[in-house]
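A.B. asks: model the following, please.
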Amino acid sequence: MEPRILLFLFALGTILLYTQVHGDRSFSIDYDNDRFVKDGQPFRYISGSIHYARVHPAYWQDRLNKMYAAGLNAIQTYVPWNLHEPTQGKYNFEGIANLTQFLTLANKTGLLVIARLGPYICGEWDMGGLPSWLLRLNHSIQLRTADPTYLGPVDDWMNVLLPKIKPFLYKNGGPIISVQIENEYGSYPACDHGYVRHLYQLFHSILGNDVVYFTTDGPGNEMLKCGTLQNVYATVDFGSGGDPLVPFAKQKEYEPHGPSVNSEYYTGWLDHWGQKHQTVDQDKVAKTLDEMLKLGASVNMYMFEGGTNFGFWNGANAAFNPQPTSYDYDAPLSEAGDPTDKYLTLRKVIGKYNTLPTDVPPATPKNAYGIVTMETMTSLYDALDTISPYDPIRATYPITMEDMQQSFGYILYRTILTHGYVHPVELSVPGIHDRGYVMVNQQPVGILERLGPTNVSIVCNGNDTLDILVENMGRINYGKYINDFKGLVSNVTLNGIVLQPWMIYSLDLDRLIPKASLPRQRVTNQQAGQQQVPTFYVGSLPEITIPQDTYLKISAKHWSKGQAYINGFNLGRYWPTKGPQITLYVPAPILKPSPANNTLVLFELEYTTCGDPDASEPCMVEFIDTPILNGSVPSRTQQKVTYYEACFNCWGYLLAMGLICVSMPIVMILLKVSCKNMDKVKVDVPYGNI
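C.D. replies: Numbers count the residues shown, from 1 in each chain. All right, here's what the predicted structure looks like:
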């Protein structure tokens, strides 16, 4: 037989085998009939967002099962670049970063996937998913633009990520039906269409035509004008309470033909430290969902499972409002993945349009392990040589955390004072990013914050040692201020004199705490009720027969602010004196059954009752079986507007004043006053944008 005939027969056999394995799989847009088409049949997705990086990998299958049981036929997820490339050129796809395992599980569960690959994702994630090492490449880097300093690393990353994604495209037997280009780019002031076009061309060169490319933006002209791109399907995002025909009509102005799509339908809202816990009425969410599904729209619910900002992964909103550890989001599935009343209500709505599985998986079992007495382990100073992975860097002036090649956590700045002052003089630290603990000769003298106070009065002698421990509380993830350097970002002055030189200690708690190598020493000169030297405390949980989910309650009665670890796993930040989050979620897979010991370590930054001989109770924490996410917050911060208040205030003034005095300049003044805090909550009027 001739070689050409053999080659033809081999190719034909390959095609037939592929068809047997994958069938005639396809997913596309039917522009003539304004709908999606899957395998040649009309299709509409009802989807929910879940972020694999916010759920312990051992629970991925549990959460996917519960989403499938709700009647969803798809899920949506972000891919955070900084999780996967923590250091330039070094990639991580293990553990909680095992993206291919997550996609495999989704596929086996019967859920399609809408992949939001970035490179920017927002999502209340540190720096919107962009790696902080980008800032070190060029302090003037223009993020999310065609700036070559930014675009080069983007190309490098996508050339690693996209080949991993391609086998999981629906056409290739995987679950991915659509891929987002960038994320809500219309809300970013750069409006660089050349950059977005470059991304599309890059995606297309690797993934080809076998997937639907889309963008997501708020339903406003400016957002859609800058966020949309030819050959990329434009979708919108908005929340409950309004007529969905209005934002869908705006989508049609930019996509005259094709399905109506809400890529982020908000089931809840995000929290900030020091502000009231946010909730959204389940009946309102259900009503608008029903209205959209009646219209034949495809909908993704953001979030369906919120999860947890473990470690240091939380983001922040401008001017500077960091998000807490919990990303519960008042979602249908709780932070611990438990079905809520909202879940059951939305499931009933979905059941009108999709066939429901017969059973809803139960909540994971919870256990109240009780009180754990904490003991002093060691102070920051006694542990400094251990938690600083290398000798301090010497510099004339302070340098940022990014220039120290450090992404998260804490950094210590030290200088020797050359002048003494017998009367209080002002220590000014205007570039504190984000919270600073000031000590002179290892004695605390004050706490500084990014939004103030940024100065403190001190008395000192010549040759005294000044230390400033700076906490990175999460980089801004939304808006024009995402170039968010951490540490000391400007000079420090004492009585108007610039202080120099400095020794700078990079601290790496995540690397060393799991080794349990911190020395145990008695900490002295700590006064209860006052600022104390940051100190490590340790305790052991009771014996555990079968590990179960639990919640670590860290009461403001005993503790102030810090970081919590169990068995070396970084649970996240605690700040009960600020609220609203009081408990930290502890997933069962990080606990060990007896006879193994379960060790809790707290790095307390401010003060505790530990060591106070007059304390009515021992130094303690408690493990309970229910979360507390709506704790009290300082009254002075309760007046900050929430997402919904901002919308109603602004549009209320606009309507009322517009009717009464259309031509009066005072309208604009009132609008400005009403909306003055809107840059501090992520909001686009009249519909939310995240």
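A.B. asks: where does the stretch 451-600 of the chain have low pLDDT?
C.D. replies: Applying pLDDT under 70 to the stretch 451-600 of the chain flags residues 514-529.
A.B. asks: tell me where it has helices.
C.D. replies: In the stretch 451-600 of the chain, the helices defined using DSSP state H, counting those that start in this stretch lie at 509-512.
A.B. asks: now the strands: where do they sit in it?
C.D. replies: Listed in chain order, the strands of the stretch 451-600 of the chain (DSSP state E, counting those that start in this stretch) span 455-460, 465-471, 487-488, 493-494, 497-498, 502-506, 535-540, 550-553, 562-566, 569-574, 583-586, 599-604.
A.B. asks: among the ones you listed, which comes closest to Ser132?
C.D. replies: Comparing the strands of the stretch 451-600 of the chain against Ser132 with Cβ to Cβ, the closest turns out to be strand 487-488 (11.0 Å). Just so you know, the C-beta spots here come from the backbone N, C-alpha and C atoms, and that holds for glycine as well.
A.B. asks: partner strands of that closest one, parallel or antiparallel?
C.D. replies: Pairing partners of strand 487-488, with direction, according to DSSP bridges: strand 432-433 (antiparallel).
A.B. asks: and the angle for the helix or strand following the partner strand with strand 455-460?
C.D. replies: Sequence-wise, the next helix or strand downstream of strand 432-433 (DSSP states H and E) is strand 435-440. With axes from the mean of the first three to the mean of the last three Cα atoms, to 10 degrees defining the directions, strand 435-440 sits at 20 degrees from strand 455-460.
A.B. asks: and the lowest mean pLDDT element among the helices and strands of this structure?
C.D. replies: Here the helix or strand of the chain ranked lowest by mean pLDDT, DSSP states H and E is helix 643-660, holding a mean of 36.
A.B. asks: what about the strands in the stretch 201-350 of the chain?
C.D. replies: Using DSSP E, counting those that start in this stretch, the strands found in the stretch 201-350 of the chain span residues 212-217, 233-238, 261-266, 298-305, 316-317, 321-322.
A.B. asks: ok, which of the ones you listed comes nearest Thr288?
C.D. replies: strand 261-266 (7.5 Å).
A.B. asks: which parts of that closest one are buried?
C.D. replies: Neighbour-count burial for strand 261-266 flags 261-266 (criterion: 16 or more other Cβ atoms under 10 Å).
A.B. asks: switch those residues over to JSON lines; also include pLDDT and distance to Met301.
C.D. replies: Converted to JSON lines, the buried residues of strand 261-266 look like this (pLDDT from 0 to 100; distance: Cβ to Cβ, whole Å):
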{"residue": "Val261", "pLDDT": "98", "distance to Met301": "13"}
{"residue": "Asn262", "pLDDT": "98", "distance to Met301": "9"}
{"residue": "Ser263", "pLDDT": "98", "distance to Met301": "10"}
{"residue": "Glu264", "pLDDT": "98", "distance to Met301": "8"}
{"residue": "Tyr265", "pLDDT": "98", "distance to Met301": "5"}
{"residue": "Tyr266", "pLDDT": "98", "distance to Met301": "8"}
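A.B. asks: how near is the residue nearest in space to the middle of the chain to Ala297?
C.D. replies: By Cα atoms, centre = their mean, the chain has its centre lying nearest to Trp125, at 2.5 Å. Between Trp125 and Ala297 the computed distance is 27 Å (Cβ to Cβ, to the nearest Å).
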